[in-house]
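Peer 1: Pasting the sequence and the predicted model now:
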Amino acid sequence: MAPKPTSIGTPEHVAVALAYVLGWVSGLIILLIEKENETVRYHAAQSVIVFGSITLLNIVLPMLFFIGGMALMGLLSLATLVLWIVFIVTALNKNPLVLDFLVPHAEKLAEKIKP
C-alpha cells in the first residue's frame, strides 16, 4: 500500500517522525498544518498527548515530592528519552508506534483540531 501524500510536502514516515522531534511542540505544529494525511495527524496528536503529559509531570512532581521528586524526575527523563527515540526510529522505519490506550484520545484530538 502506497503512503498517502502529506500537505507539508514530505513523505508520510518523515512527517510522522517530525511530529515527535520536538515533543508536544512539533506535534502541535504538525497537527495545525497537516490537512490531508490522517496517519500524520494521528501521530501528531499522540505526540501532543504523550509529551504534553510528560511535561506536566515534570512540573508537578517536584511540587508534590520535594526530595523524592528529583529521583522520580530522573527516571521520568530517562523513560522519556527512550520513548522519544523509539517513536522517531519506528516512524523512520515506516512502522510508527501506536499506543493502543491512547488511540481514542488521539483520534478525538486530531478531529477537534482541524487546520
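Peer 2: All right, it came through fine. Numbering: from 1, shown residues only.
Peer 1: Regarding the chain, what is its longest helix?
Peer 2: Counting by DSSP state H, the longest helix found in the chain is helix 38-64.
Peer 1: L81: what secondary structure?
Peer 2: helix (DSSP: H, G, I helix; E, B strand; the rest coil).
Peer 1: neighbours around V14, how many?
Peer 2: The tally of other residues near V14 (other Cβ atoms under 10 Å) stands at 17. C-beta here means a position set from N, CA and C on the backbone, and glycine is covered the same way.
Peer 1: ditto for S53
Peer 2: S53 is flanked by 12 other residues according to other Cβ under 10 Å.
Peer 1: Over to the one 4 residues further on?
Peer 2: Each residue near L57 was counted by other Cβ under 10 Å, and the total is 15.
Peer 1: Quick check: it vs S26, distance?
Peer 2: Applying Cβ to Cβ, to the nearest Å, the value for L57 to S26 is 19 Å.
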